[in-house]
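Undergrad: pasting a predicted model and its sequence here:
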Amino acid sequence: MKAYWQLTLTQLRIFLRNRQVLFWTLAFPIFLMIMLGSFLGNGNGMSVSIGVVDQDQSLQSKQLMNILKKNEAIQLQKEKNKDGAIKLLKKGDLHVVVIIPKGYESHFSSTPTNLKPFTLPVYYNETNFAVSQIGIQLVNGAVDAISKKMVDYVPVVMTETQGIESLNLKYIDFLVPGIVAMMIMSNNMNGVAGQIAAWRERGILRRMQGTTLKASTFIAAQITARLFLNGMQALIVLGVAHLIFGVEVRGSWFTLITFVILGTLAFMAIGFIIAGIAKTPESASPIAGFLSFPLLFLGGVFFPIKDMPEYLQPIVQALPIAHLSHALRETMNVGASFISLGTEALVLGCWLIVAFIVASFTFKWE
């Protein structure tokens, strides 16, 4: 037991004394979080750019434009001519273009009972079809409002709308749990692989093997030290996120800490496998980087997993970081309980067990 505590404290001292490594290990995830959070963190809404070419220049055409302006989802732009508006549409600067032809107001000078539909040309961006369709619906809603007002339309069926308060989640709320998951993966998979490979090359592991030290004691000390470091780093990142962006942990801290521990153990085991395969420290880092880099994009760290192509879904669902980031996100944002995240815990547990079994065969003292 004494050897275990001595090794644990030694590992912590090594990490804390290397100020350059300590600084960049903490600074990089915080810098990345602040940078992405500042640019994208408040973006939880969507706007549609609609260009209007008013060829009629009448009170009726201005009334239509005023109705469109009142909708907060619409970014209305007045365009001088049709050709210029279409050019902006082709470039992607506009989603929808509405043309109000001459004769728009004069059409309504006849009696309401004899009114015939007046056609407004509407052009949309086929490249961004989803947003364009929303823009077309908004334009149709404004046109319907004018039509109903003109003919004194009285609806037979009405709807009663009731707003339901939901979580006001922004991109920063999605990002911060992903940053914590990324930090856990990088610190343990990349860090363990590089450090163990370096100790082996310098003969430190060989000298340890010559003592009465057991491999289990050495590995347990490594685990304890890195659990402490990961916990402190996660708290610092969450504290900075709370102070700058107001990010909160809505769920149980016990659940959050449990998944931090599971993630640490799973990625440490993978790190031991890489350390066993790599012959030198120089080769350990590229191997770890080769594995960790795609995991950042496939594991739901920066982008939702559900937005990925269908053929990638089976692969994504098997990745440990995908389940770790999802579990942290559900705990922090939704307040999910540990029981409801049983699948995530099971997958991480399987990775932990299988990876440590493999690591026991690949780990070498020399």
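TA: Yep, that arrived. Numbers count the residues shown, from 1 in each chain.

Undergrad: so is the nearest residue to residue 197 once chain neighbours are set aside in a helix, a strand, or just coil?
TA: For residue 197, ignoring the flanking residues on the chain, the nearest one in space by CB to CB, 6 or more residues apart in numbering is residue 284 at 3.9 Å. To be clear about C-beta, it is placed using only N, CA and C from the backbone, and glycine gets the same treatment. Here residue 284 is recorded as helix under DSSP: H, G, I helix; E, B strand; the rest coil.

Undergrad: residue 284 reaches residue 201, doesn't it?
TA: No: between residue 284 and residue 201 there is no contact under CB atoms under 8 Å: 9.6 Å.

Undergrad: so these two - more neighbours on which side?
TA: Between residue 284 and residue 201, counting by other CB atoms under 10 Å, residue 284 is the more crowded of the two (26 against 16).

Undergrad: who touches the more buried one in this structure?
TA: 193, 194, 196, 197, 198, 274, 275, 278 (CB atoms under 8 Å, 6 or more residues apart in numbering).

Undergrad: now it: how far from residue 223?
TA: To residue 223, residue 284 is 19 Å away according to CB to CB, to the nearest Å.

Undergrad: then residue 348?
TA: In terms of CB to CB, residue 348 sits 15 Å off from residue 223.

Undergrad: okay, the two: which has more neighbours?
TA: Set residue 348 next to residue 223 and count neighbours by other CB under 10 Å: residue 348 wins out with 24 against 19.

Undergrad: for that one, what are phi and psi?
TA: Torsion angles at residue 348 (phi, psi; degrees, to the nearest 10) stand at phi -60, psi -40.

Undergrad: was I right to think it contacts residue 263?
TA: Yes: at 6.4 Å, residue 348 counts as touching residue 263 under the criterion of CB under 8 Å.

Undergrad: neighbours around residue 285, how many?
TA: By the other CB under 10 Å criterion, the neighbourhood of residue 285 contains 17 residues.

Undergrad: hmm, it is touching residue 192, no?
TA: No: the criterion here is CB under 8 Å, and residue 285 misses it with residue 192 at 11.7 Å.

Undergrad: circling back: out of the contacts of residue 284, which sit inside helices?
TA: Judged by DSSP state H, the subset of the contacts of residue 284 located in helices is 193, 194, 196, 197, 198, 274, 275.

Undergrad: looking at these, which is nearest residue 6?
TA: If you rank those by distance to residue 6 using CB to CB, residue 196 comes first, at 18.1 Å.

Undergrad: which non-adjacent residue is nearest the closest one?
TA: Nearest residue to residue 196 in three dimensions, chain neighbours excluded: residue 275, at 3.7 Å (CB to CB, 6+ apart).

Undergrad: list the contacts of that neighbour.
TA: 192, 193, 195, 196, 197, 200, 284, 363.

Undergrad: give me the lowest-pLDDT entry from those.
TA: On pLDDT alone, residue 363 ranks lowest of these, at 70.

Undergrad: that one: how many residues sit nearby?
TA: Residue 363 has 18 neighbours, counted by other CB under 10 Å.

Undergrad: grab the nearest non-local neighbour of it.
TA: Spatial nearest neighbour of residue 363, excluding adjacent residues (CB to CB, 6+ apart): residue 276 at 4.7 Å.

Undergrad: so that neighbour touches residue 362, yeah?
TA: Yes: using CB under 8 Å, residue 276 makes contact with residue 362 at a distance of 3.0 Å.

Undergrad: tell me which of those two has more neighbours.
TA: Applying other CB under 10 Å to residue 276 and residue 362 shows that residue 276 carries more neighbours, namely 20 against 13.

Undergrad: before we move on, back to that, and the contacts of residue 284, which of them are buried?
TA: 193, 194, 196, 197, 198, 274, 275, 278 (16 or more other CB atoms under 10 Å).

Undergrad: which pair of these spans the longest distance?
TA: Distance extremes for those: the farthest pair is 198 and 274 at 12.7 Å, using CB to CB.

Undergrad: list the contacts of residue 128.
TA: Contacts of residue 128 by CB under 8 Å, 6+ apart are 92, 95.

Undergrad: separation between it and residue 76?
TA: 18 Å.

Undergrad: same question for residue 271.
TA: From residue 271 over to residue 76 the distance is 54 Å, taken as CB to CB.

Undergrad: next one: residue 62
TA: Counting by CB to CB - residue 62 and residue 76 are separated by 12 Å.

Undergrad: need the residues touching each of the two.
TA: With CB under 8 Å, 6+ apart as the test, residue 62 and residue 76 reach no residue in common.

Undergrad: what is the helix or strand hosting residue 147 packed up against?
TA: Here residue 147 sits within helix 129-150, counting by DSSP states H and E. Counting contacts by 3 or more CB pairs under 8 Å, 6 or more residues apart in numbering; DSSP states H and E, helix 129-150 packs against strand 48-54, helix 59-70, strand 96-100, strand 122-124.

Undergrad: just want the angle from the first one to strand 96-100.
TA: In this structure, strand 48-54 runs at an angle of 20 degrees to strand 96-100, with axes from the mean of the first three to the mean of the last three CA atoms, to 10 degrees as the basis.

Undergrad: offset the numbering so it begins at 26, please.
TA: Sure, I'll start numbering at 26, so the last one becomes strand 73-79.

Undergrad: list the strands paired with strand 73-79, with their directions.
TA: Strand pairing for strand 73-79, using DSSP bridges, gives strand 99-104 (parallel), strand 121-125 (parallel).

Undergrad: in the very next helix or strand once past the longest one, what counts as buried?
TA: Using DSSP H and E, the helix or strand that follows strand 99-104 towards the C-terminus is helix 107-116. Of the residues in helix 107-116, those buried under the neighbour-count criterion (16+ other CB under 10 Å) are 107, 110, 111, 113, 114.
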